[in-house]
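Novice: Coordinates only, no sequence provided:
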């Protein structure tokens, strides 16, 4: 989930305008290798709920979901994955954006974007804060999968709410004398 999840959930966070926030509830289920040969789920389904009521389904892609991001709206759907942009109906993508539409940062090549930003001193398409938030969404999904419990998340405090046993999954004790300063 933290590999493809980071890529696809990053696109989702971006499109939802949630780069500085995240979900407020996370639930999931997974199927693990019966012989316990590895810890990664063979199949998973995770549901993220955002404060505004938006629901995001994240799946391992087996069955009804494709490997990518599908946005469903009133007029149809748009599917995005590496090198692919499709809509149903096809006319959605042919429709020009008006002046009020949100336009996203365009980057055709992550490596080139990184090099360009080193030269220009501009932020890359995903700065460290956005990367942190995208990874956090994946980690929350993994916590929900591993524990089979609903995770209630405060994206502003970046803390699990009301479940001490789940909050332990967010961090680990540091070796002395290392510590993070208080927030």
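Specialist: Cool, got the structure. Just so it is clear, the model here is predicted, and its values are computed rather than measured.
Novice: Please count neighbours and contacts with C-alpha atoms only from this point.
Specialist: Fine.
Novice: what helix or strand is residue 9 on?
Specialist: Under the criterion of DSSP states H and E, residue 9 resides in helix 4-16.
Novice: pLDDT of whichever helix or strand comes after that helix, averaged?
Specialist: Downstream of helix 4-16, the first helix or strand assigned by DSSP H and E is strand 25-31. Summarised as a single mean, pLDDT over strand 25-31 is 95.
Novice: After strand 25-31, which helix or strand is next?
Specialist: strand 43-49.
Novice: Tell me how many other residues surround the closest residue in space to residue 106 that isn't next to it in sequence.
Specialist: Excluding its sequence neighbours, the residue lying closest to residue 106 (CA to CA, 6 or more residues apart in numbering) is residue 125, at 7.7 Å. As a burial measure, residue 125 scores 16 neighbours (other CA atoms under 10 Å).
Novice: Surely residue 125 touches residue 113?
Specialist: Yes. Counting by CA atoms under 8 Å, residue 125 touches residue 113, with 7.1 Å between them.
Novice: Quick check: neighbours shared by the two?
Specialist: residue 107 (CA atoms under 8 Å, 6 or more residues apart in numbering).
Novice: Which residue ranges of this protein form strands?
Specialist: Remark: strands assigned in the chain by DSSP state E are 25-31, 43-49, 55-59, 69-72, 77-81, 84-88, 151-154, 159-160.
Novice: If you count neighbours, what's buried in stretch 46-56?
Specialist: 46, 47, 48, 49, 50, 56 (16 or more other CA atoms under 10 Å).
Novice: Start and end of it, how far apart?
Specialist: 8 Å (CA to CA, to the nearest Å).
Novice: Stretch 67-86 too?
Specialist: OK, stretch 67-86 end separation, CA to CA: 13 Å.
Novice: which residues sit against that stretch?
Specialist: For stretch 67-86, the external contacting residues (CA under 8 Å, 6+ apart) are 8, 9, 11, 12, 60, 61, 87, 88, 89, 92, 93.
Novice: Same question for stretch 20-37.
Specialist: Contacts of stretch 20-37 (CA under 8 Å, 6+ apart): 13, 39-51, 129-130, 133, 137, 140-141, 144-145, 148-156.
Novice: do that again at 6 Å, thanks
Specialist: Applying CA atoms under 6 Å, 6 or more residues apart in numbering, the contact partners of stretch 20-37 are 41-51, 144-145, 150-155.
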